[in-house]
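Participant: Sequence isn't available, so here's the structure alone:
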């Protein structure tokens, strides 16, 4: 049902909007607090500025490249919607006046807001993390606790921006246009940006990383983060571009898409309460995240930063669960428990997938240690073992996800027939409600990493480096956990989009029957797309790294006195190369991701496209888990050897493990992360296209 | 409809049975012809005998391990079928007397015949290829043409046995029991054997290969196939165990499953003619294969053996197509063309997938060359590039397969509503009708490979080695093409099994609707199984190779005079190790393959199991293509460098390429090939379980 603005319960939507705004205000306060800190010596400032400028240059260029695409899509939506709004929305709801200007504007405006909000979140997060790095380093000169605080607040700006813009955007557009089904293009706007942010960011970070490592560490024999390395700034920029901007855009997209899909489903099965509940769960998650930032502190200077971050995460989960129960009880009466179990399933999925990720990637556990042991017989056995670990690491996360689907469906459906699908949507929403804290903890990673780099480049003492190293080690774990979170939430989001698509394309009655040949055909095509996109991403890193290597070699060769530390390298040139390569190389995989649903939809029709989404989601999630975990395990197998095991650094096993780590880099940081926006963008574009391809397609199968 | 034995058209089934027997007779004649040849010097005989004995030892032990499993399944089927035959067969056909002893015996007897026939084909093929090797070497002392003839005839015994036993088995059981739907356990018998033959064979061959290479070539510095290497006989046995026995069992399974599924579908949509047509297409394919063996000859001693083998393949395809047209015309009247197009789609799929495989793996083409070029920056970039090539190599084969599905369905369905599914079955049957020739050409590979090995070990002159090398090079290409054929046919077979399962489980009316959560859950579980089985297979190779390496090192250390050629190594011990490891390691992946459908079926019910089959097929086919093509491309990238490019043998790029080749070994020869029987055995066991799980399951979803 459409919203009646005189209805008092609508005030609850304003509450959600308000929570989103509060989140943004807190983010702004955190940023101000970070900026107030001293960023240390002139050398530290200079390095931090270089990283900041490199990051901004990348973002500017990326958004500038995306702007015309966004503008064209906006115009197409505007024109098509003006001529015949039913080609863009198929909502059977008498309360919607399709002839009103406001309704006609809903789709294009929501799309634009989604794209712009994602860009703003990206800027906010990147400003914050790149401004926090030197300040964290400086704080580390006095102790671990102050450094932790700054690094976490730097990350929290991103987290709270993502969640705040997501919730404020969805609830604001809902309040403006009055029906969730006509604002789903907000998610598509977020998707389009996320796709390119993830792919471009992934290519950037690994091109810089591989270029810096291969020439710097291997050929020139200088250590990591050595200021003489021309690619060192690009490498540090890359950490932010990949982990902060990429991850933030990814989760913003999941947040937007899940919230709207949940509202659309809720509207159908429960009316207004079903629409408002996801918004209010989002509000609870945001408040829980803000409150829990206070828990992120160590008991003493010798404390464990990991435990401090965990406290923040646990706090968020527990507050959300408890408040969520009371909210459900007050809105749904007898159905409250059935729906609430979905929220719990989502929160537990998050915890379980994070735990499994750690199990397969941490060097305290057997899988990574076994990869390290396999390195004793050379790089080939290291690679074989790593691939095997990655392949089998998919099993438990998939089981967790399907159990979450089953549990959330079963209890909701048993509570009242027809509620099951809403239960699944609640699992997704429950998981994503904690996104503010998860992104905060994840964005903490690049800040800590950069802080260490700056300590090294500014030649601060080993005491400082010891503190930043402690934070950096924690950052590696939180990054792995966040990756699991991103994959799990992408899977649930893609399923929610799939359901919404089927509804919009009119497939709910007939179903998507795998026994029909066209559905099998769609399933196969969909399952192949992630393989192709992963291949593009990996080859792109290879090509971009190749250019970077050539440039770094050139600088070492042509700049006199560089190796002796008497001359400065041309950092900007390397930043440019990474930027240009990332922008260029993101086009092909992006076109495949967006083009496949368009071509299949108009050629083979809505049924085939539905199957493409199902096949693409299954295969995309599996490849994402495979690549993320194999990459993480290779990385930590190397680190395990570097702790002195199996001959330690410089030994033959270590050399073999470096090969594995290098292979794992584009796996875990480029191709793997690209799978999340891939499966979601296929869903959001299909959802937008659903009404039109249901009417117009070549073979009508 | 059930068969009426007084119907004159039933004579056509006898015709098919006769063609199967003729195939076996010709195979027997070829074997006799091969055995009549001289196997050369006493040293050559000795080596050939050692390989023969090793191969037999493996087969004996493997079948001995399988015998109790087969016996138990046979007994369960017998008892369950006796108590209530409807738990094993759900055939709505009044002509079947479920109380008759004959009907009750149909399922257990067909299963036993399938398992035994697969074992017989394995023995026949292995005897033939291991008896042909020294004889080929000896013939190569006089010229290329006589060597080609013996090697091809040695392989043709396997090809004609597979096709002959398949067709005679299916048509014989049909004539005996009178209805195709009650003999589908023939395919399950073949499946059970194929699964273990593929996995066990794959582990055997790579454990021996890696063990022989790593210690022999790398550590001891002796060349390939050096008689001082203790693992050299095991390595040569492995070529037969993997490529001949594994591939043969794989295609026997596809043949059996496809023929029966096609007959079941044909019975439903077209009556008796629909049952007989697949059998007769099989008969045509066999006769075409036999006739075309005559085309496998070179125009002169300088001719190209590849061209000779291609002539055999083209001949088979063309004869099958032309004769198939007349057969269709005489049986189906107006529908002939619609059905015939399915046959053509199948034949063309074969050609197209073979061509694409060559495109991605041959070192005359860019992908393999690019991997070689990536080796210039070390093993990591070689691996990244190889993985990227493998990932993208999945796209075109999948497109070919889905186009074949679409075309064969579309024209048959347009010809008469309801015929579409039969059209798809005909594509599968058309493809498989040429199996006799395809397996012959594939089994030619290990004969040629062994012949070269024996030439080396028996220290014959370079002239002989030159001839065997030419044959070996051709064998590598035909192996790649056969792999594509095996994957393509496995995909179509799995789909045919999936359709038959749905029919038997009573899902045809309701469909398998991906919008239902339980179907999505099944899809995810199914898609994960190939990842897990691939992981097991790769780790098994690692463990088995580790044991082999230890043993080879021990022999070099403990046997005095071995390196000087004064003492003989203990070949048998290495053969034992490979055998024992393969038997032990095939258990876990085998249990996953067979256990998943059983657990999902009884726990979640028939709908979830149907989804498992769909998800498993899509993911299994993609992983099979990925691993086969990546492995082939790595192999040929190394060979490309060995032709003298990029520094040639012994250079740094070559060393990097060796790493890629080693990673590719378990990819292309163990994990990849295991995917085919995996997706088929999941289908055949589901088909057997369908009636029982439709009645008995825990959650009934």
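Facilitator: That came through, no problem. All figures in this text were calculated on a predicted structure; none of them were measured in a lab. Residues are numbered from 1 along each chain as shown, chains lettered A, B, ... in the order given.

Participant: Show the model's pLDDT score for the residue lying closest to residue A:670 once chain neighbours are set aside.
Facilitator: In space, and not counting its chain neighbours, residue A:670 is closest to residue A:202: 3.5 Å by C-beta to C-beta, 6 or more residues apart in numbering or on different chains. The way it works is simple: take the backbone N, C-alpha and C, and place the C-beta from them, glycine included. The predicted structure scores residue A:202 at 94 on the pLDDT scale.

Participant: Now stretch A:465-485: buried residues?
Facilitator: Going by neighbour count (16 or more other C-beta atoms under 10 Å in any protein chain shown), the buried part of stretch A:465-485 is A:465, A:467-472, A:474-485.

Participant: Quick one: mean pLDDT over that stretch.
Facilitator: Throughout stretch A:465-485, pLDDT has a mean value of 86.

Participant: and if you look at stretch A:242-261?
Facilitator: Taken as a whole, stretch A:242-261 carries a mean pLDDT of 92.

Participant: Check whether that stretch comes into contact with chain B.
Facilitator: No - counting by C-beta under 8 Å from any C-beta of the partner chain, chain B is not contacted by stretch A:242-261; separation bottoms out at 13.8 Å.

Participant: in what helix or strand does the residue nearest to residue A:670 lie?
Facilitator: If you go by DSSP states H and E, residue A:202 is part of helix A:185-211.

Participant: Residue A:152 and residue A:444 touch, don't they?
Facilitator: Yes - using C-beta atoms under 8 Å, residue A:152 makes contact with residue A:444 at a distance of 5.3 Å.

Participant: shared neighbours of those two, anything?
Facilitator: residue A:309 (C-beta atoms under 8 Å, 6 or more residues apart in numbering or on different chains).

Participant: Identify the residues contacting the residue nearest to residue A:670.
Facilitator: For residue A:202, the contact set (C-beta under 8 Å, 6+ apart) comprises A:242, A:246, A:537, A:541, A:666, A:669, A:670, A:671, A:673, A:674.

Participant: who are the neighbours in contact with residue A:265?
Facilitator: Contacts of residue A:265 by C-beta under 8 Å, 6+ apart are A:274, A:421, A:422, A:425, A:496, A:499, A:500.

Participant: and it, which of the three is it?
Facilitator: Per DSSP: H, G, I helix; E, B strand; the rest coil, the secondary structure class of residue A:265 is helix.

Participant: ok, now how distant is it from residue B:428?
Facilitator: Distance of residue A:265 to residue B:428, given as C-beta to C-beta, to the nearest Å: 40 Å.

Participant: Now do the helix or strand residue A:110 falls within and helix A:185-211, the angle between them.
Facilitator: Here residue A:110 sits within helix A:101-140, counting by DSSP H and E. Here the directions of helix A:101-140 and helix A:185-211 differ by 30 degrees (axes from the mean of the first three to the mean of the last three C-alpha atoms, to 10 degrees).

Participant: and helix A:101-140, which residues are buried?
Facilitator: For helix A:101-140, burial by neighbour count (16+ other C-beta under 10 Å) applies to A:103-119, A:121-140.

Participant: Could you do stretch A:329-344 as well?
Facilitator: Within stretch A:329-344, the residues scored as buried using 16+ other C-beta under 10 Å are A:331, A:332, A:335, A:336, A:338, A:339, A:340, A:341, A:342, A:343, A:344.

Participant: near chain B, from these?
Facilitator: Applying C-beta under 8 Å from any C-beta, the subset of the buried residues of stretch A:329-344 adjacent to chain B is empty.

Participant: Name the residue of the stretch 101-250 of chain A that lies nearest to chain B.
Facilitator: Taking C-beta to the nearest C-beta, chain B has its nearest neighbour within the stretch 101-250 of chain A at residue A:214, 7.1 Å off.

Participant: Just to be sure, residue A:561 is in a strand?
Facilitator: No - assignment of residue A:561 by three-state DSSP gives coil, placing it outside any strand.

Participant: ok, it to residue A:567 distance?
Facilitator: To residue A:567, residue A:561 is 4 Å away according to C-beta to C-beta.

Participant: of those two, who's got more company?
Facilitator: More crowded of residue A:561 and residue A:567, by other C-beta atoms under 10 Å in any protein chain shown: residue A:567, with 13 against 10.

Participant: Would you confirm that residue A:682 contacts residue A:598?
Facilitator: No - with contact defined as C-beta under 8 Å, residue A:682 does not count as touching residue A:598 (10.1 Å).

Participant: which stretches of the stretch 601-701 of chain A aren't confidently modelled?
Facilitator: A:700-701 (pLDDT under 70).

Participant: meant to ask about chain A
Facilitator: A:1-9, A:700-701.

Participant: helix, strand or coil for the closest residue to residue A:560 other than its chain neighbours?
Facilitator: Once flanking residues are discounted, residue A:560 sits nearest to residue A:567: 6.3 Å by C-beta to C-beta, 6+ apart. State at residue A:567, reduced to three classes by three-state DSSP: coil.

Participant: Next up, the contacts around residue A:567.
Facilitator: Residue A:567 makes contact with A:559, A:560, A:561, according to C-beta under 8 Å, 6+ apart.

Participant: I'd like the distance between residue A:124 and residue A:370.
Facilitator: From residue A:124 across to residue A:370, the span is 42 Å (C-beta to C-beta).

Participant: Downstream of the helix or strand where residue A:525 lies, the next helix or strand is which one?
Facilitator: Following DSSP H and E, one finds residue A:525 within helix A:517-558. Moving toward the C-terminus from helix A:517-558, the next helix or strand (DSSP H and E) is helix A:571-585.

Participant: and the helix or strand following that next one, anywhere near chain B?
Facilitator: Sequence-wise, the next helix or strand downstream of helix A:571-585 (DSSP H and E) is helix A:587-604. No - using C-beta under 8 Å from any C-beta, helix A:587-604 never reaches chain B; the gap is at least 8.8 Å.

Participant: If you count contacts, what does the strand or helix carrying residue A:54 end up packed against?
Facilitator: Assessed by DSSP H and E, residue A:54 sits inside helix A:42-83. For helix A:42-83, the packing partners by 3 or more C-beta pairs under 8 Å, 6 or more residues apart in numbering or on different chains; DSSP states H and E come out as helix A:101-140, helix A:185-211, helix A:232-239, helix A:435-457, helix A:571-585.

Participant: now the angle from it to helix A:435-457?
Facilitator: Angle, helix A:42-83 to helix A:435-457, by the same axes, to 10 degrees: 150 degrees.

Participant: how far does helix A:42-83 sit from the chain's center?
Facilitator: Relative to its chain's centre, helix A:42-83 lies at 17 Å (C-alpha atoms, centre = their mean, to the nearest Å).

Participant: Please find the angle between the direction vectors of it and helix A:587-604.
Facilitator: Here the directions of helix A:42-83 and helix A:587-604 differ by 20 degrees (the same axes, to 10 degrees).

Participant: and the direction of helix A:42-83 versus that of helix A:232-239, what angle?
Facilitator: Orientation of helix A:42-83 against helix A:232-239 (the same axes, to 10 degrees) gives an angle of 40 degrees.

Participant: ok and helix A:42-83 relative to helix A:571-585, angle-wise?
Facilitator: Here helix A:42-83 runs at an angle of 20 degrees relative to helix A:571-585 (the same axes, to 10 degrees).

Participant: Got the phi and psi for residue A:156?
Facilitator: Dihedral pair for residue A:156: phi -60, psi -30, per degrees, to the nearest 10.

Participant: what about it, how many neighbours?
Facilitator: By other C-beta under 10 Å, neighbour count at residue A:156 equals 30.

Participant: Let me see the contact set for it.
Facilitator: By C-beta under 8 Å, 6+ apart, the contact list for residue A:156 reads A:27, A:30, A:293, A:436, A:440, A:443.
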